[in-house]
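Engineer: My questions are about this predicted structure, shown below with the sequence.
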Amino acid sequence: MMQALLDSFAAAARGLPLTLAIWGAGVATGLALGFVVAALRFFAPAALSWPLAAAVEAVRGVPFLVQCFLLYFGGPFIGIDLTPIVAGWVALSVYGAAYFSEVFRAGFMAVPPGHLEAARMLGIPRNQAVLRIMLPMMALAVLPSLANLAVILIKETAILSIITVPELTFRVQGVGSATFAFAETTLVLAIVYWALVEATAVASRFAERRIARALAA
């Protein structure tokens, strides 16, 4: 049992950097895409916001596992032939963007219209009012939800093992398949993912305090 645990932790150490890389890239890309989609849905005419809303609902309505299968195994049929790592990053980014966009859109709607109206009455240009008033207030409001989605995405990276991405779960499951020590490998996976989730939660609370102090200054 002890040897299986040691082998599992060694495999986790080999797979963890790729898990963190794909997760970090997926979250960063998803945040950027989600913010753009939310801004377009909030500020653009209905002719543009409706198709974006339909796309968001389509992504949110399909399980992440199915999206990975469609992209990796179905992509070559329409000329999209991606490596497992690239396919995992794209799938995680698109999946995350759909949910991030809803959080950002709710953040835009949560800012009282009177704040922007007061800025307009003071002669502050709209773009400056959005940048200096709306976005800081929105950031504080949406940060807990964004952190929660980041936690969800780091756990979703385990699904990428299905399309042979050699990340954390893929590596540790390889040890289980070779040694039949499935209980030990599953325990190691649970410990490592729990540690990642807790680290993300601590970082989000720190960022929330920093933003709150910046707004109060």
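Structural biologist: Thanks, I have it. Just so it is clear, the model here is predicted, and its values are computed rather than measured. Numbers count the residues shown, from 1 in each chain.

Engineer: in this structure, which spans are helices?
Structural biologist: Per DSSP state H, the chain carries helices over the ranges 2-43, 46-60, 64-72, 84-110, 113-121, 126-129, 135-156, 168-179, 182-216.

Engineer: As JSON lines, those with mean neighbour count, mean pLDDT and distance to residue 78 would be great.
Structural biologist: To be clear about C-beta, it is placed using only N, CA and C from the backbone, and glycine gets the same treatment. Formatted as JSON lines, the helices of the chain follow (neighbours: other Cβ atoms under 10 Å; pLDDT from 0 to 100; distance: least, Cβ to Cβ, whole Å):
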{"stretch": "helix 2-43", "mean neighbour count": "18", "mean pLDDT": "91", "distance to residue 78": "21"}
{"stretch": "helix 46-60", "mean neighbour count": "13", "mean pLDDT": "92", "distance to residue 78": "16"}
{"stretch": "helix 64-72", "mean neighbour count": "17", "mean pLDDT": "95", "distance to residue 78": "10"}
{"stretch": "helix 84-110", "mean neighbour count": "21", "mean pLDDT": "94", "distance to residue 78": "13"}
{"stretch": "helix 113-121", "mean neighbour count": "12", "mean pLDDT": "66", "distance to residue 78": "43"}
{"stretch": "helix 126-129", "mean neighbour count": "12", "mean pLDDT": "69", "distance to residue 78": "39"}
{"stretch": "helix 135-156", "mean neighbour count": "18", "mean pLDDT": "86", "distance to residue 78": "24"}
{"stretch": "helix 168-179", "mean neighbour count": "20", "mean pLDDT": "88", "distance to residue 78": "26"}
{"stretch": "helix 182-216", "mean neighbour count": "14", "mean pLDDT": "85", "distance to residue 78": "34"}
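
Engineer: so what's the nearest residue to residue 93 once chain neighbours are set aside up against?
Structural biologist: Using Cβ to Cβ, 6 or more residues apart in numbering and skipping the chain neighbours, the partner closest in space to residue 93 is residue 29 (3.9 Å). Listed by Cβ atoms under 8 Å, 6 or more residues apart in numbering, the contact set of residue 29 reads 89, 93, 96-97.

Engineer: I'd like to know how far residue 29 sits from residue 100.
Structural biologist: Separation of residue 29 from residue 100 (Cβ to Cβ, to the nearest Å) stands at 10 Å.

Engineer: ok, back up a step: please identify which of the contacts of residue 29 is nearest to residue 167.
Structural biologist: Distance to residue 167, by Cβ to Cβ, is smallest for residue 89 among those, at 11.0 Å.

Engineer: My guess is the closest one contacts residue 27. True?
Structural biologist: No: if you go by Cβ atoms under 8 Å, residue 89 and residue 27 don't touch, sitting 10.6 Å apart.

Engineer: what's near enough to touch residue 186?
Structural biologist: Residue 186 is in contact with residue 176, counting by Cβ under 8 Å, 6+ apart.

Engineer: Oops, could you answer that again for residue 204 instead?
Structural biologist: 143-144, 146-147, 150.

Engineer: can I get those in JSON lines with distance to residue 34?
Structural biologist: Output for the contacts of residue 204, formatted as JSON lines (distance: Cβ to Cβ, whole Å):
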{"residue": "143", "distance to residue 34": "14"}
{"residue": "144", "distance to residue 34": "16"}
{"residue": "146", "distance to residue 34": "9"}
{"residue": "147", "distance to residue 34": "14"}
{"residue": "150", "distance to residue 34": "12"}
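
Engineer: number of nearby residues for residue 74?
Structural biologist: 11 (other Cβ atoms under 10 Å).
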